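Engineer: Got a sequence here, can you model it:
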Amino acid sequence: MTHPLITAKALDEALSGVTPPVILDCRVRLTDPGAGKQLWREGHVPGSQHLDLDRDLSGATASGGGRHPLPARDAFRDTLQRLGLSPDRPIVVLDDMGGQLAAARAWWMLSHWAGHPEVQLLDGGLAAWEALGGEWEVGDGADVTPSRWQPVFDDSGLVGLEEMATSAALKVDARASERFRGDSEPLDPRAGHIPGAVNRPCSENLDEQGLFKSSQQLAAELPHAEAVIAYCGSGVTACHDLLAYQLAGRALPRLYVGSWSEWSADPQRPAATGAAG
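Structural biologist: Residues are numbered from 1 along each chain as shown. Alright, predicted model coming up:
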């Protein structure tokens, strides 16, 4: 299996190789839906395309499912084809938050949901690329030849609302500690967390340089249980915890995509506050 991370140096070398990867820039700002693409236009790794959280990595929210439900399979297939993606060419996803927004979500959707065999996340993101002295490109980039990829989707890693409410699995919340405790809630209907959950802020998967911690350190720090379900605010940063579990050599947790945004929207669902669920 392809290692899920790639260094900036290895990416730079791969771009001049025989089969250069397709680069997907996943930058996003949760309170400004247009900001990610604008940042990409202002400067990006040469040849990269913008993969938008709201347009490409999420579906319609009118029927519930939280702020960023998965898109319909056909819609995501169309996105993958529009971007020219296929199993024959490697993919590198990146953002400017160490994978938290929203490269890890793209990594999970492409590799574990759509089944692409070779997806890597740029360790350290655009800061690592800049530190390397990598080249930059501005504007909208060149046109892409669409592909005919027909991905085979695997829903076995997903958990829905009702299963989340009844499952005995350990529930790991990837949000910042102040949101988990219920001290503040800037995005969702209520503050707090799902009762019984434990907190593993995704930011703690990174070291002071914004790189992922070693597999040994992650294995020592990540909450351990025979069965784990990861969630966050809307199924985005939880994928960063999923990646950390894979790096640690642990079984991949399942993902509750609706996350706190779906759970907290139902006033009948209980909410816990404080440091422990």
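Engineer: what sits against residue 201?
Structural biologist: Listed by Cβ atoms under 8 Å, 6 or more residues apart in numbering, the contact partners of residue 201 are 174-177, 180. (Each C-beta comes from the backbone N, C-alpha and C, glycine too.)
Engineer: now, among these, which is nearest to residue 218?
Structural biologist: Ranking these by separation from residue 218, with Cβ to Cβ as the measure, puts residue 174 on top at 13.5 Å.
Engineer: where does the closest one land on pLDDT?
Structural biologist: With respect to pLDDT, residue 174 scores 98.
Engineer: Same question for residue 65.
Structural biologist: In this prediction, residue 65 carries a pLDDT score of 89.
Engineer: what stretches of the stretch 1-150 of the chain score poorly on pLDDT?
Structural biologist: Scanning the stretch 1-150 of the chain for pLDDT under 70 picks out the ranges 62-63.
Engineer: centroid residue for the protein?
Structural biologist: The residue lying closest to the centre of the chain (Cα atoms, centre = their mean) is residue 105, at 1.9 Å.
Engineer: Distance-wise, check it relative to residue 14.
Structural biologist: Distance, residue 105 to residue 14, using Cβ to Cβ, to the nearest Å: 22 Å.
Engineer: give the contact list for the residue lying closest to residue 152 once chain neighbours are set aside.
Structural biologist: Excluding its sequence neighbours, the residue lying closest to residue 152 (Cβ to Cβ, 6 or more residues apart in numbering) is residue 115, at 5.4 Å. The contact partners of residue 115, by Cβ under 8 Å, 6+ apart, come to 87, 151-154.
Engineer: mind redoing it with 7 Å?
Structural biologist: Contacts for residue 115 (Cβ atoms under 7 Å, 6 or more residues apart in numbering) come out as 151-152, 154.
Engineer: Same check on residue 211?
Structural biologist: Contact analysis of residue 211 by Cβ under 7 Å, 6+ apart lists 123-124.
Engineer: Tell me the gap between stretch 181-195 and the middle of its chain.
Structural biologist: Relative to the chain's own centre, stretch 181-195 is displaced by 20 Å; criterion: Cα atoms, centre = their mean, to the nearest Å.
Engineer: likewise stretch 88-104?
Structural biologist: Averaging C-alpha positions (Cα atoms, centre = their mean) puts stretch 88-104 8 Å from its chain's average.
Engineer: So which bits of that stretch are buried?
Structural biologist: 90-104 (16 or more other Cβ atoms under 10 Å).
Engineer: In strands, which of the residues you listed fall?
Structural biologist: Mapping the buried residues of stretch 88-104 onto strands (DSSP state E) picks out 91-94.
Engineer: Show me which of these is closest to residue 222.
Structural biologist: residue 93 (21.4 Å).
Engineer: which residues touch the closest one?
Structural biologist: 24, 26, 103, 106-107, 119, 121.
Engineer: and the residues you listed, which two are the farthest apart?
Structural biologist: 26 and 119 (11.8 Å).
Engineer: Just want to know which of the two has more residues nearby.
Structural biologist: Under the criterion of other Cβ atoms under 10 Å, the comparison of residue 26 against residue 119 puts residue 26 first, with 29 against 25.
Engineer: quick one, what contacts the more buried one?
Structural biologist: 51, 53, 93-95, 102-103, 106.
Engineer: Residue 252 contacts residue 245, correct?
Structural biologist: Yes. Residue 252 lies in contact with residue 245 (Cβ atoms under 7 Å); the separation is 5.8 Å.
Engineer: Which one's more surrounded, these two?
Structural biologist: More crowded of residue 252 and residue 245, by other Cβ under 10 Å: residue 245, with 22 against 14.
Engineer: For my notes, confirm the more buried one occurs in a helix.
Structural biologist: Yes. Per DSSP: H, G, I helix; E, B strand; the rest coil, residue 245 lies within a helix segment.
Engineer: still on that earlier bit, okay, the contacts of residue 201 in CSV with distance to residue 227 next?
Structural biologist: Listed next are the contacts of residue 201 as CSV, based on distance: Cβ to Cβ, whole Å:
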residue, distance to residue 227
174, 17
175, 21
176, 25
177, 24
180, 20
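Engineer: Appreciated, that's everything.
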